[in-house]
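1. Fold the following and give me the result.
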Amino acid sequence: MNDGMRRYSCMARYRDYVRNDLVPAFGTMKLDELGHRHIAAFVTSELAAGRGKTTLYRCLATLSSALGDAVRHHRLAHNPASPPALHRPPSPERRIWTTDEAVRFLQHCHQAAPDMADLFEFLIGTGLRKGEALGLHWDDVHLAERVLYVRCTLSAIDNNHLVITTPKTRTSRNWVAVSPRVATALQHRARSRARRHSDPSDPFTGLVFRRPDGRPLRPHTVLDRLRQLSKEAGVPRVTVHDLRHLAATITVTAGVPLTVVSKTLRHSTLSTTANIYSHLTQQAAREAVDTIDHTLTRAQKRDNRRTWSERLRPPRDHIQHLREALNRLRSPNSTGVHPTANQPQSGRATTLRPPAFRAWKRPPSHV
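-> The predicted structure follows:
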């Protein structure tokens, strides 16, 4: 049995599927008599009765898991629920708030319900799950270091009985950074906590988010308040878990690497994050290849300008030859060929300089 099945809420849901659906449909049959045709007939009858595909798929998944255990324990040769008689229905398109809508909602909450505003600031600012936020204890909050540790979650069995359990997965139990906005919300909760007396015998003593009378917040109450405040703020209706997706959407669209987002959300694998937010990673992938294109294009333009400028000016070695030739012409001891080199030379030395200018003197006059 995996960690998810150990959680009380999952156990209650599996129990309801077995008691209300599977036992009435297949309880009179022997295990080795159950075949795929019986399961297919069950699916057909349930759909004809108006059963939702999502809940029916979960019910069949419970049956398939139980029959899979029978195969592993050699009670059955094969699993009659595989392949499934009903494929997984497509997930409904989520409506995630924009940044402006989230700000409008939070501003309204701070005016209409300050205590609930602290919770919603916390959920959006950390990306924690609803049960993890409601199960957070003050012993796990370290405001000086601006971190908190997730080790508990609050669950409601049959939407009635509240229990404190372990988080969803092993990687969910981890440290989470606290932003300044979240720290402000926690500081406000700490001031409210100082004015209230705690009962050591209360199993929920030390919870950060509680009702004004000190009792823990029920998950369904949080959802009702979210819907009410969303309607008052004029923003689309979402679920509490959609606030976790909002936190991920803000970080992914801001360019935060997917590995960092996965660690922040404490997913078990990076592929989980990539599958959930594939619509965002596709946009990031397009931006990545566009960045490659722009970088190569800029480099190519620089190279083309450099090549054209080199064509317009002579090479450096040609300039050096011109300089050497000019220096030889200017030097008096130049070894270059002189125009009079082929003429016969007399014994007297000659010079290229013109005779020095002598001032003309007037001859003396004779009287």
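2. F26: how many residues sit nearby?
-> Taking other Cβ atoms under 10 Å as the neighbour definition, F26 ends up with a count of 16. Yep, even glycine has a C-beta here, placed from its N, CA and C like the rest.
3. where's it relative to A77, distance?
-> 18 Å (Cβ to Cβ, to the nearest Å).
4. what stretches of the stretch 151-300 of the chain score poorly on pLDDT?
-> Per-residue confidence for the stretch 151-300 of the chain (pLDDT under 70) gives these ranges: 158-159, 193-203, 278-288.
5. Report all helices and strands that the helix or strand harbouring R189 contacts.
-> For R189, the element it lies in under DSSP states H and E is helix 180-194. Judged by 3 or more Cβ pairs under 8 Å, 6 or more residues apart in numbering; DSSP states H and E, helix 180-194 is in contact with helix 114-126.
6. contact partners of the following helix or strand past the helix it packs on?
-> Moving toward the C-terminus from helix 114-126, the first helix or strand encountered (DSSP H and E) is helix 130-134. By Cβ atoms under 8 Å, 6 or more residues apart in numbering, the surrounding residues in contact with helix 130-134 are 119, 122-123, 126, 150, 152-155, 167, 172, 207-209, 216-217, 219, 222, 240-241.
7. Just those residues: which are in strands?
-> 153-155 (DSSP state E).
8. looking at these, which has the most residues close by?
-> Most neighbours among those, by other Cβ under 10 Å: T153, with 24 neighbours.
9. tell me the SS of V176?
-> Judged by DSSP: H, G, I helix; E, B strand; the rest coil, the three-state class of V176 is strand.
10. For it, give its distance to E232.
-> In this structure, V176 and E232 are separated by 30 Å, where distance is defined by Cβ to Cβ.
11. Neighbour count: these two, which is higher?
-> For V176 and E232, the more surrounded residue by other Cβ under 10 Å is V176, and the numbers stand at 20 against 14.
12. List the residues that contact the more buried one.
-> 126, 128, 147-150, 264, 266.
13. Q107 too?
-> Residues touching Q107, when contacts are defined by Cβ under 8 Å, 6+ apart, comprise A233.
14. Let me know how buried the closest residue to V208 other than its chain neighbours is, in neighbour terms.
-> If you skip the residues right next to it in sequence, V208 has L136 as its closest partner in space, 4.6 Å away by Cβ to Cβ, 6 or more residues apart in numbering. Counted with other Cβ under 10 Å, the burial measure for L136 works out to 27 neighbours.
15. All the strands of the chain, residue numbers only.
-> According to DSSP E, the chain carries its strands in the segments 141-142, 147-149, 153-157, 161-165, 175-177.
16. The shortest one packs against which elements?
-> Strand 141-142 makes packing contacts with strand 147-149 when contacts are defined by 3+ Cβ pairs under 8 Å, 6+ apart.
17. Neighbouring strands - and their directions - for the strand it packs on?
-> Sheet pairing here is set by DSSP bridges, and for strand 147-149 it gives strand 141-142 (antiparallel), strand 175-177 (antiparallel).
18. Tabulate the ones you listed (a markdown table), appending distance to A41.
-> Shown next, in a markdown table, are the strands paired with strand 147-149 (distance: least, Cβ to Cβ, whole Å):
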| stretch | distance to A41 |
| --- | --- |
| strand 141-142 | 54 |
| strand 175-177 | 48 |
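19. quick one, which of these is nearest to T62?
-> Taking Cβ to Cβ as the criterion, strand 175-177 is the member of the strands paired with strand 147-149 that comes nearest to T62, at 32.2 Å.
20. quick check, distance from the closest one to the centre of its chain.
-> 15 Å (Cα atoms, centre = their mean, to the nearest Å).
21. one step back: please pick the buried ones from the contacts of helix 130-134.
-> The neighbour count (16 or more other Cβ atoms under 10 Å) marks 119, 122-123, 126, 150, 152-155, 167, 172, 207-209, 216-217, 219, 222, 240 as buried among these.
22. The strands of the chain: which one's closest to K53?
-> Ranking the strands of the chain by distance to K53, with Cβ to Cβ as the measure, places strand 153-157 first at 25.1 Å.
23. now the closest one against strand 161-165, angle please.
-> 150 degrees (axes from the mean of the first three to the mean of the last three Cα atoms, to 10 degrees).
24. Relative to strand 153-157, what are the paired strands and their orientations?
-> Strands flanking strand 153-157 in the sheet, each with its direction: strand 161-165 (antiparallel) (DSSP bridges).
25. Would you format the ones in strands among the contacts of helix 130-134 as a markdown table with distance to A247 included?
-> Written out in a markdown table, the entries for these read as follows (distance: Cβ to Cβ, whole Å):
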| residue | distance to A247 |
| --- | --- |
| T153 | 17 |
| L154 | 19 |
| S155 | 21 |
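26. does R151 really touch T165, like I thought?
-> No - if you go by Cβ atoms under 8 Å, R151 and T165 don't touch, sitting 10.6 Å apart.
27. ok, residues contacting stretch 86-103?
-> With contacts defined as Cβ under 8 Å, 6+ apart, stretch 86-103 is touched by 43, 53-54, 56-57, 60, 105, 124, 235-238, 242, 245-246, 249-250.
28. Could I get the buried residue list for it?
-> Of the residues in stretch 86-103, those scored as buried under the neighbour-count criterion (16+ other Cβ under 10 Å) are 86, 96-97, 101-102.
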